[in-house]
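>>> how does the following fold in three dimensions:
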Amino acid sequence: MTLDEFQESFWRDLWAPADGAARPPAGLAVYRNTALKGCVDALRSLYPAVHRLTGDAWMEAAALDFVRADPPAGGELQHYGERFPAFLDRALAGGDLPWLSAVARLDRLWSESHVAADAPVLGLTALMRIDADRLAAAQLAPHPAARWQWCAEWPAFSLWQAARGGAADPNPPHWNGQGALLCRPQGAVLALEIGASDAALLDACAAGQPLGAALDGVHARFPCFDPGASLGRLLQHGAFATLTETSP
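Numbering: from 1, shown residues only. You can find the predicted model right below:
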């Protein structure tokens with residue numbers, strides 16, 4: 001057995017229930033307890049806003065439930081917990097914290113933006129160099145580090161931002177829907193509140209729509225949409241990496 005095969009077998013046995021019971025095979029209990037603690041600590045680190053908003057005891061209990069239901073595939077935990085927001089959706093359905101999964105998704109998007117590939121940031125001057133017809137036919141590609149979310153029901157961005165910043169009272173003044181854009185234009189992840197139309201424009205660009213069609217589609221859904229202001233805001237924040245002109 002190779003070292004890789006041994007490690008894979010050990011990790012599989014570590015999480016396997018014995019005789020249908022939710023306990024590790026004999027002799028592995030101490031290792032599993034250590035692994036559980038490591039997973040819980042990783043989730044606390046990866047979801048700091050959730051931890052801040054719920055407290056130590058709640059976060060530990062939720063993290064333990066998640067780890068037992070969805071253990072890691074290996075010992076590398078820096079990217080663990082991708083499905084934790086969906087777990088919170090199910091666990092909190094009909095409960096008192098219906099907004100928490102949206103906050104968790106922002107924690108996750110921050111982590112993804114933080115480790116995403118580097119790429120040049122597209123500036124407004126690149127759009128100003130080409131005429132209107134060519135610009136309408138061109139495609140804007142979101143930056144590899146750009147992540148965004150629109151939450152129609154809850155002020156997830158305000159809750160998340162206040163929790164990440166350690167605010168004494170994270171409750172927002174207004175409980176309205178909010179969007180968030182996370183980018184990394186100069187090495188550090190920056191967060192910006194955006195509206196539903198901004199998020200829709202980013203979705204359209206990510207789907208590869210030509211800019212003109214993307215703007216028309218967003219305007220059809222949001223009659224008050226200001227394309228110039230939206231593009232300027234997103235470009236200034238570093239949301240795009242490339243502009244590709246189509247062949248004539």
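>>> residue 177 contacts residue 149, correct?
No - if you go by Cβ atoms under 8 Å, residue 177 and residue 149 don't touch, sitting 10.8 Å apart. Backbone N, C-alpha and C define where each C-beta goes, glycine included.
>>> look at the two and report which has more neighbours.
A direct count of neighbours by other Cβ atoms under 10 Å for residue 177 and residue 149 places residue 149 higher, at 19 against 15.
>>> what sits against the residue nearest the centre of the chain?
Closest residue to the average C-alpha location of the chain: residue 109 at 2.0 Å, with Cα atoms, centre = their mean. Neighbour list for residue 109: 147, 148, 149, 180, 182 [criterion: Cβ atoms under 8 Å, 6 or more residues apart in numbering].
>>> now render those residues as a markdown table, adding distance to residue 202 and secondary structure.
Shown next, in a markdown table, are those (distance: Cβ to Cβ, whole Å; DSSP: H, G, I helix; E, B strand; the rest coil):
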| residue | distance to residue 202 | secondary structure |
| --- | --- | --- |
| 147 | 10 | strand |
| 148 | 5 | strand |
| 149 | 10 | strand |
| 180 | 11 | strand |
| 182 | 11 | strand |
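>>> show me which of the residues you listed is closest to residue 189.
For these, the residue nearest residue 189 by Cβ to Cβ is residue 182; the value is 5.7 Å.
>>> other residues contacting stretch 235-248?
Under the contact criterion Cβ under 8 Å, 6+ apart, stretch 235-248 has outside partners 119-124, 126-127, 130, 134, 137-146, 148, 181, 183-186, 190, 192, 202, 205, 210, 234.
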